[in-house]
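Novice: Test case, fold it:
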Amino acid sequence: MEHFFNDIKTARELRHGGISPSTIRRRCAQGRLIRIMPNAYVDAQRWIQWDEATRTKARHISFIKTHQHYVLSHVSAALWWDAPLLRLPRKIWVSHPASTVRSRPQVHVSRGREDICADSIFHQGAFVTSPLQTVLDCALTLPVLDALCVADYFLNRELVSMEGLREAITRLKGKGVCTARAVAELMSDKAESPAETIARYRIVTWGFTPPQEQVSIRVGDSVYRPDFLWEECRVIVEVDGNVKYDGSHGNPVHVIRREKRRHRDLEQLGYRVLRVTWDDIMRSPEAFRALLIGAGVR
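Specialist: So this is what the prediction gives:
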């Protein structure tokens, strides 16, 4: 994240670097500089190279560098904690201790949050709400599935505890509390990816028997932890994420070989192994549902 702070320059930083206000305006007119927001600029070539997710972070950094005493909160804090977001925030969400500040077209301000701002944490170059407060804010303001992905992420990484989060949600009041309670009923600390969270959400809300998650199955000298298991009908669901094959888990060829051996070993124990992808659970959920029914899951 540090390089973003170096790439994005405030008007003051540019002036201190010998670039006058008139030169800034001229370079913007020539397309050499991009004005991200008032008093925040980036080299145009750099901006062109960035995807929308990177540009979203750049807008947040532009705000951080040009406004003091604000704390990233809600979905913006989740973004800063690297939680998986099903959609990028259209606005920058911040909190402020004063009750006199106002929201603006591209910035949503939650005001009068003195205690919450006092408990903020400096993380990746910005003050952000604590993990617990971030999950609570998201549970109150995001759709259930979006908030569930955030909650599962923080739980799985042990940034919040299941007991502490559930207790905090029971104390919530006001707008969004029904969504937050739904998140509390559905959340899990076992999900290792948003794909697993969404698959479990589909399974439970369709009314299937909740599966066991990440339980250990020993096959010879190997121990496998399938994503979802229904022992009574000997069915396993494995959620394939593309991240497994992007090189971060080793040579993709070796990863695929291990996956095939794992699949074979589990089938030899009498399990039926169903593999589903992101597209299956997001774009063709009914096909996923039919797959479960066909395998005997009830």
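Novice: Distance-wise, check the closest residue to Tyr224 other than its chain neighbours relative to Glu232.
Specialist: Spatial nearest neighbour of Tyr224, chain neighbours left out: Ile217 (4.9 Å); criterion: C-beta to C-beta, 6 or more residues apart in numbering. In this view, the C-beta of every residue, glycine as well, is placed from N, C-alpha and C. Computed with C-beta to C-beta, to the nearest Å, the distance linking Ile217 and Glu232 is 15 Å.
Novice: repeat for Ser193
Specialist: Distance of Ser193 to Glu232, computed by C-beta to C-beta: 26 Å.
Novice: And those two? Which one has more around it.
Specialist: Using other C-beta atoms under 10 Å, the more surrounded residue of Ser193 and Glu232 is Ser193, with 20 against 10.
Novice: Would you confirm that that one contacts Val239?
Specialist: Yes: look at Ser193 against Val239 with C-beta atoms under 8 Å: they come within range, at 7.0 Å.
Novice: in this protein, what spans have low per-residue confidence?
Specialist: 241-256 (pLDDT under 70).
Novice: Longest helix of it, counting residues only.
Specialist: Longest helix in the chain by number of residues (criterion: DSSP state H): helix 252-268.
Novice: Which strands or helices does that one pack on?
Specialist: strand 217-219, strand 222-224, strand 235-240, strand 272-277 (3 or more C-beta pairs under 8 Å, 6 or more residues apart in numbering; DSSP states H and E).
Novice: quick one: the helices in the stretch 1-150 of the chain?
Specialist: In the stretch 1-150 of the chain, helices defined by DSSP state H, counting those that start in this stretch lie at 2-7, 11-16, 21-30, 44-49, 52-66, 74-80, 114-118, 131-141, 144-156, listed in chain order.
Novice: Can you tell me which of the ones you listed is most buried?
Specialist: helix 74-80 (a mean of 27; mean count of other C-beta atoms under 10 Å).
Novice: I'd like to know which elements it is packed against.
Specialist: So helix 74-80, by 3+ C-beta pairs under 8 Å, 6+ apart, packs with helix 52-66, strand 71-72, strand 92-95, strand 126-128, helix 131-141.
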